[in-house]
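Student: fold the following for me, if possible:
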Amino acid sequence: MNAGRAKYMNRRALLGAAAATVGMAAVPGFAQENSTEFDVPSTGSVRNNISSFRMLDWQPYFSDTRNGAVLVDTMSRALHFWSEDQTIYKLYPTSVPLTEDLTRRGRTEIVQKVVGPTWRPTPEMKKRNPEWPDFVPAGPENPLGTHALYLSWTYYRIHGTHDTRKIGRRSSNGCVGLYNEHIAELFGLTKVGTQVLLI
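Tutor: Okay, here's the model as predicted:
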């Protein structure tokens with residue numbers, strides 16, 4: 001093995017170990033700083049999904065971690081979670097809105113938590129996609145996946161997705177999507193009142 005390859009492998013192993021400590025062991029490709037490929041939980045490998053994973057500290061973004069804190073970085077396509085007592089830190093790859101005009105940034109909070117959410121397209125979505133159904137029940141065809149965290153902003157959610165190709169991409173109409181395995185974990189860690197910041 002040449003020196004360059006050995007250096008890369010050592011760096012990858014080190015970052016992989018760090019990833020495992022923050023809940024990313026299920027996504028081995030997390031070991032790359034700017035991941036262009038990572039393993040999708042339970043479904044295999046997906047290429048061309050870009051997420052820039054790096055651990056962050058909560059202090060630049062929140063005055064405290066009361067009720068827990070969620071930071072969604074739309075540029076790096078990653079969601080960070082800190083528990084109220086700061087003993088738990090999680091980092092997940094996400095989907096983000098397709099365009100800037102669909103992207104909302106700022107401070108909000110979780111106002112409702114739903115297992116098996118139903119889905120209705122917003123009026124703006126129906127204008128853009130009149131062929132879409134008016135209602136989708138909970139289940140494998142539901143675009144909100146298995147769990148949804150409703151935010152104080154109307155129509156905005158952090159939710160799962162059954163379409164794992166969307167994670168790491170600009171692919172949503174405004175919401176933030178996670179793998180179903182990850183939203184289930186985040187669902188259990190958050191509560192109504194958890195603060196959320198999208199940047």
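Student: so Thr118 touches Gly139, yeah?
Tutor: No - counting by Cβ atoms under 8 Å, Thr118 does not reach Gly139; the two are 9.2 Å apart. Placement of C-beta: from N, CA and C, glycine included.
Student: and these two? Which one has more around it.
Tutor: More crowded of Thr118 and Gly139, by other Cβ atoms under 10 Å: Thr118, with 13 against 10.
Student: give me the common contacts of Thr118 and Gly139.
Tutor: Common contact partners of Thr118 and Gly139 (Cβ atoms under 8 Å, 6 or more residues apart in numbering): none.
Student: excluding chain neighbours, what is closest to Gly139?
Tutor: Leaving aside its chain neighbours, Gly139 sits nearest to Gly116 (7.9 Å; criterion: Cβ to Cβ, 6 or more residues apart in numbering).
Student: what's the answer for Gly145, then?
Tutor: That would be Gly160: by Cβ to Cβ, 6+ apart, it lies 2.3 Å from Gly145.
Student: the one you found: how many residues sit nearby?
Tutor: For Gly160, using other Cβ under 10 Å, the count is 26.
Student: could you spell out the sheet neighbours of the strand or helix carrying it, each with its direction?
Tutor: Here Gly160, judged by DSSP states H and E, is contained in strand 157-161. Sheet pairing of strand 157-161 (DSSP bridges) gives strand 147-151 (antiparallel), strand 176-179 (parallel).
Student: which one of those strands is the most hemmed in?
Tutor: Highest mean neighbour count among these (mean count of other Cβ atoms under 10 Å): strand 176-179, with a mean of 26.
Student: what's the average pLDDT for that one?
Tutor: Across strand 176-179, the average pLDDT comes to 95.
Student: before we move on, what about stretch 135-152?
Tutor: 95.
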